[in-house]
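# 3D, please:
(2 chains)
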Amino acid sequence: MLFRCRNCGGNVVYSPERNKMFCPHCDGIDSEEKAGGDAGTECINCGAPLEIKEYNSTCKCEYCGSYMILDERVDGKYRPHLIIPFKIGKDRAVELMRQEFKSRVFAPDSFLSEATLEEMKGLYVPFWMYDYAARCDYAGTGTKVRVWTGGDTQYTETSYYHVERNLDIDFDRIPVDASIEMNDDIMDLMEPFDYRQLEGFTEEYMSGFYGEIYNMGAEELENRAKEKAARDADSLLKESISGYASLVQERKRMDLDREGVQYALLPVWRYRYRYQDREYEFHVNGQTGKIIGAVPVSKKKVLAYGGTVFAVLWAALSLLLHIAEVI
Amino acid sequence: MKQYIRYFKWYFVCVWVLAAVYAGILLLHGSSDAGGRTNGECLTGERVFDYGEVLSAEEEEKLRELIAKRERQTGCDIVLVTLDESLEEYAREREPYVPYEEFVRVYAEEFYDGNGFGYDGPSGDGVLLVDNWYREADGNVYTWFCAAGKADKKYNLAMMNHLLDVVYRYVERSPYKAYRAYINEFYHDMTGSGRNLYGAVGLRVVPFAAALLVMLLFIALHWNGEKGKKTVTAAAYVNGGRPRINKKEDILVNKVVTKRKIQTSSGSGGRSGGRSGGSHSHGGHHGGAGHHR
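Numbering: from 1, shown residues only, chains lettered A, B, ... in the order given. Prediction:
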């Protein structure tokens, strides 16, 4: 399907800035109507062939620029339960990146140039969100040490404690990305998303963006979610045992029971930059604006900037010393 | 390029301002004339006394011309004496216990005062270099530099030693070049026109090392390979923001106290002292320093 403008027939897309459907051709607001059925392999608007990859749930016609949503990939088992719509548009995402990397003086000149930003894409990344009930049971021996001095004698008092903790932790919606293309570590760094803006899925939010169906099932990815839950539970357990100089563990048990799982789409802007035969990827959280990515270093700029700092400082200090001498 | 210019704009401006200030100061010093010589009691108009005969007539003439110019600029008499004779008898007649290295000092002071040198009056502003090519009984050849009046005030021992080092750099190969350096070094020292100061190793090394260090820090600070920071807390996905604590027990089981005698030290710290050298001063108005080769 695609969303066509009732006023001009153009392709209506979701505008994060307006939080509404918007027709970029006639500036119409909420003027969309669903058009066509299944896109198949041809554009509903112009009939041109579409390049649809294995996991795509939306695609863009290279000829007329219309965004198509593939019906069978947003329906049935592939219909997401939840979505966080884009809250940050492309212009804002670029502005945030420019602000973030403004101080990176060694970045190549073409980094974030208009030409390279053309290919910046807004993607809805598929995530599984797991709910767990965790039960932690801990026993150990802790020591507290007190030192004081009386006359010419130093006293050290060591107190031994029996420490026991039993915690119940309810984890809600631990996110694990279900896209093979997206790097897991990068997606973990994209967190946190603000779940207060989670909404029930509707196709409108996908118009104007790229999207994927989940590439792997919830069972396949559960281990990653369990690892995250266990790591967080362990940290919370440690936080609850404070004030001890040392702690010797006697018993520790952690049970995790999955209580539910939901399929959601989360918004991410992706900027790919090619420099010296290497591809660098930058991701901007489409909801919070958090930026992830390491800027490439131009050796020419390191030499130029480093050399200039050296030369300027050397000249300035030498001149200052000479002036001081003369005066 | 635009970004580069924008980034370093103020750095460049600072350097240009400093360079302009420095150039202005140099110009001011270089063009200034110290005024006319007021000493009418000096016994001679000669400044180059080549008793050691190490200079050609032409070289002597060139040195006289240079001295005349530098005297006007510095307001000091600049005198050069070369010798090739033992000064032992001469010096011991005047100061019986004077050591070998100070024979030239006795001669220099007598020579300066005896001739009434001094730009502003007898024994006034001026300098004298005595270079005795004769190898004394201790096997050394001695040179003495003495300063009087405002030159004495300007010079410390380190500056004198530096000036003599410059002379010794050339004297064996070319006495003319060495004495020329003496005149020019003195001029630069008095007017602060720079060249000799820049020659000081410390002044060259400190800015270089500081600039190098700052450059390395600059590169290290800007070479950031970090992809991003983890900003998720352990409680981020916990319902209610914190765990439910069903059991929390901290029971004191045992307490052990150990004690240790504190060692006190009864000794007191010592202090080491040092002395720094200063320039010699005889007769109340001469500062000087000597070198030997």
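
# dump whichever helix or strand B:Asp189 is part of to CSV, keeping only the CA atoms.
Taking DSSP states H and E as the definition, one finds B:Asp189 inside helix B:175-191. The C-alpha coordinates for helix B:175-191 follow below in CSV (Å, rounded to 0.1, in the frame of the first residue of the first chain):
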residue,chain,number,x,y,z
PRO,B,175,90.6,36.2,16.3
TYR,B,176,89.0,38.9,14.1
LYS,B,177,85.7,37.0,14.0
ALA,B,178,85.9,36.4,17.8
TYR,B,179,86.5,40.1,18.6
ARG,B,180,83.8,41.1,16.2
ALA,B,181,81.4,38.7,18.1
TYR,B,182,82.5,40.3,21.4
ILE,B,183,81.5,43.8,20.1
ASN,B,184,78.2,42.6,18.6
GLU,B,185,77.3,40.4,21.6
PHE,B,186,77.9,43.3,23.9
TYR,B,187,75.7,45.5,21.7
HIS,B,188,72.9,42.9,21.7
ASP,B,189,73.1,42.5,25.4
MET,B,190,72.9,46.2,26.1
THR,B,191,70.1,47.0,23.6
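
# need the phi and psi values for A:Leu71.
I think there's a mix-up here, since residue A:71 is Asp and not Leu. phi -50, psi -50 (degrees, to the nearest 10).

# and for it, the neighbour number?
As a burial measure, A:Asp71 scores 18 neighbours (other C-beta atoms under 10 Å in any protein chain shown). Glycine gets a C-beta too; all of them are placed from N, C-alpha and C.

# returning to what we had before: check which helices and strands the helix holding B:Asp189 sits against.
On a contact count with 3 or more C-beta pairs under 8 Å, 6 or more residues apart in numbering or on different chains; DSSP states H and E, helix B:175-191 meets helix B:57-74, strand B:77-83, strand B:126-135, helix B:150-154, helix B:157-170, helix B:195-199.

# helices of chain A, start to end?
Secondary structure of chain A (DSSP state H): helices at A:90-100, A:114-117, A:184-190, A:218-240, A:299-326.

# wait, doesn't B:Tyr170 sit right on B:Ala181?
Yes. Using C-beta atoms under 8 Å, B:Tyr170 is in contact with B:Ala181, at 6.0 Å.

# neighbour count: these two, which is higher?
When neighbours are counted by other C-beta under 10 Å, B:Tyr170 and B:Ala181 differ, and B:Ala181 comes out ahead with 19 against 16.

# with adjacent residues omitted, what lies nearest to that one?
B:Val166 (5.0 Å; C-beta to C-beta, 6 or more residues apart in numbering or on different chains).

# how far away is that neighbour from B:Thr74?
17 Å (C-beta to C-beta, to the nearest Å).

# ramachandran angles for the closest residue to B:Thr82 other than its chain neighbours?
Excluding the flanking residues, the one nearest B:Thr82 by C-beta to C-beta, 6+ apart is B:Gly52, at 3.6 Å. The phi and psi values for B:Gly52, taken as degrees, to the nearest 10, are phi -80, psi -10.

# hmm, B:Gly52 is touching B:Trp133, no?
Yes. B:Gly52 sits in contact with B:Trp133 when judged by C-beta under 8 Å, with a separation of 4.7 Å.

# between these two, what contacts are shared?
The contact sets of B:Gly52 and B:Trp133 overlap at B:Thr82, B:Leu83, B:Asp84 (C-beta atoms under 8 Å, 6 or more residues apart in numbering or on different chains).

# the second one and B:Tyr134 touch, don't they?
Yes. Counting by C-beta under 8 Å, B:Leu83 touches B:Tyr134, with 6.5 Å between them.

# more crowded one of these two?
B:Leu83 (22 against 15).

# could you check the pLDDT of that one?
For B:Leu83, the pLDDT comes out at 92.

# grab the nearest non-local neighbour of it.
B:Asn132 (4.2 Å).

# and for that neighbour, the neighbour number?
Neighbour count for B:Asn132, taken as other C-beta under 10 Å: 25.

# average pLDDT for the helix or strand hosting B:Phe49, rounded please.
Here B:Phe49 sits within strand B:48-50, counting by DSSP H and E. Taken as a whole, strand B:48-50 has a mean pLDDT of 94.

# and for stretch A:90-97?
94.

# and it with chain B, contact?
No. Stretch A:90-97 lies out of reach of chain B by C-beta under 8 Å from any C-beta of the partner chain, never closer than 12.1 Å.

# for A:Asn166, find the nearest of the helices and strands packed on helix B:175-191.
Proximity to A:Asn166, assessed across the helices and strands packed on helix B:175-191 by C-beta to C-beta, is greatest for helix B:195-199 (76.0 Å).

# helix A:299-326 and the next helix or strand after that closest one, what's the angle between them?
Per DSSP H and E, the first helix or strand lying C-terminal to helix B:195-199 is helix B:201-222. Helix B:201-222 runs at 150 degrees relative to helix A:299-326, counting by axes from the mean of the first three to the mean of the last three C-alpha atoms, to 10 degrees.

# put the alpha carbons of helix B:201-222 into CSV.
These are the backbone C-alpha positions of helix B:201-222, laid out as CSV (Å, rounded to 0.1, in the frame of the first residue of the first chain):
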residue,chain,number,x,y,z
VAL,B,201,69.9,27.0,24.8
GLY,B,202,67.3,27.2,27.5
LEU,B,203,65.3,29.8,25.7
ARG,B,204,65.2,27.7,22.6
VAL,B,205,64.4,24.4,24.3
VAL,B,206,61.7,25.5,26.7
PRO,B,207,59.3,26.9,24.0
PHE,B,208,60.1,23.9,21.8
ALA,B,209,59.4,21.3,24.5
ALA,B,210,56.2,23.1,25.7
ALA,B,211,54.9,23.4,22.2
LEU,B,212,55.6,19.7,21.5
LEU,B,213,53.9,18.7,24.7
VAL,B,214,50.8,20.8,24.0
MET,B,215,50.7,19.5,20.4
LEU,B,216,50.7,15.9,21.7
LEU,B,217,48.0,16.7,24.2
PHE,B,218,45.9,18.4,21.5
ILE,B,219,46.2,15.4,19.2
ALA,B,220,45.4,12.9,22.0
LEU,B,221,42.3,15.0,23.1
HIS,B,222,40.9,15.2,19.6
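
# that helix close to chain A?
Yes. On the criterion C-beta under 8 Å from any C-beta, helix B:201-222 is in touch with chain A at B:203-204, B:206-208, B:210-212, B:214-215, B:218-219, B:222.
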